[in-house]
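S.K.: Following is a predicted model, sequence given first.
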Amino acid sequence: MTEQNNQVPKTDDGADLVAEVRDFIATRKLLNLASLAEDGQPHASTAPFLAADGNFYLYVSDLSEHAANLKTNSKASVIFNADEADTKQAFARLRVTFNVAASMIERGGEAFQNRIEQLREKFGPVMDHLKDLEDFNLFELKPSAGRYVKGFGRAYALEGLEKQVALHLKDGHKEKKSDAA
């Protein structure tokens, strides 16, 4: 789904942009996650995710660094990228980023069961096996400040996935002034 393929509507209306972001995220199966280790070191990773009710959900193993990081530090960041094969200009690649606050959803509750079923609908029968593994935990990532970049000069500030707010970032690129006078 890329602008180059005319699959992304060209609009600058806040509500339309937020809908565009939601539609783009719905085409993704993986998110890239930046989490913080206990010692403050950043860690980049990728994980399958579910987007539902304005949040993102990860079902990940305690054996992964990002699970341990999310347990000790709820602050993280996520990015969704257009496929490289569909991107004509790497500097203008379609992408969406959000700061997120992570929390764990306890096993056995209705919220846990509902999200596991939604993950099964998205990822298939592999969830039948994974749901019973005790080292796996379900994390809810609540997005806050974000950014939607859909090309040169087309960057928008977002306020999560639920608010119909997308503000065009008008302070553009500045060229270096020549020293020769």
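M.R.: Arrived safely.
S.K.: mind checking the longest strand of this structure?
M.R.: The residue-count maximum for a strand in the chain (DSSP state E) belongs to strand 136-149.
S.K.: packing partners for that one?
M.R.: Contacts defined by 3 or more CB pairs under 8 Å, 6 or more residues apart in numbering; DSSP states H and E place strand 136-149 against helix 14-26, strand 55-61, helix 65-72, strand 75-81, strand 95-105, helix 110-123, strand 155-159. For glycine as for every other residue, the C-beta is placed from the backbone atoms N, C-alpha and C.
S.K.: and the ones you listed, which is most packed in?
M.R.: The highest mean neighbour count among the helices and strands packed on strand 136-149, using mean count of other CB atoms under 10 Å, belongs to strand 55-61: a mean of 21.
S.K.: partners of that one in the sheet?
M.R.: Here strand 55-61 is paired, per DSSP bridges, with strand 50-52 (antiparallel), strand 136-149 (antiparallel).
S.K.: Which of those sits closest to residue 84?
M.R.: Each of the strands paired with strand 55-61 has some distance to residue 84 by CB to CB; the shortest is strand 136-149, at 15.0 Å.
S.K.: Any idea how far that closest one is from the middle of the chain?
M.R.: How far strand 136-149 lies from its chain's middle: 6 Å, per CA atoms, centre = their mean, to the nearest Å.
S.K.: That one: which residues count as buried?
M.R.: 136, 137, 138, 139, 140, 141, 142, 143, 146, 147, 148, 149 (16 or more other CB atoms under 10 Å).
S.K.: Quick check: which ranges of this structure have low pLDDT?
M.R.: For the chain, the stretches flagged by pLDDT under 70 are 1-14, 162-181.
S.K.: Export the buried residues of strand 136-149 as TSV, with columns for distance to residue 123.
M.R.: Listed next are those as TSV, based on distance: CB to CB, whole Å:
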residue	distance to residue 123
136	13
137	16
138	13
139	16
140	17
141	17
142	22
143	21
146	24
147	27
148	25
149	27
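S.K.: before we move on, back to that, nearest to residue 38, out of the helices and strands packed on strand 136-149?
M.R.: Residue 38 lies closest, by CB to CB, to one member of these: helix 65-72, at 4.9 Å.
S.K.: thinking residue 160 is in contact with residue 146, fair?
M.R.: Yes. In this structure, residue 160 is within contact of residue 146 by CB atoms under 8 Å, at 6.9 Å.
S.K.: Tell me the residues that contact both of the two, please.
M.R.: residue 98 (CB atoms under 8 Å, 6 or more residues apart in numbering).
S.K.: which ones are touching the spatially closest residue to residue 147 that is not a sequence neighbour?
M.R.: In space, and not counting its chain neighbours, residue 147 is closest to residue 97: 5.1 Å by CB to CB, 6 or more residues apart in numbering. Residue 97 sits next to 77, 78, 79, 80, 146, 147 when contact means CB under 8 Å, 6+ apart.
S.K.: Can you tell me which of those is closest to residue 51?
M.R.: Nearest to residue 51 among those: residue 80, at 9.4 Å, using CB to CB.
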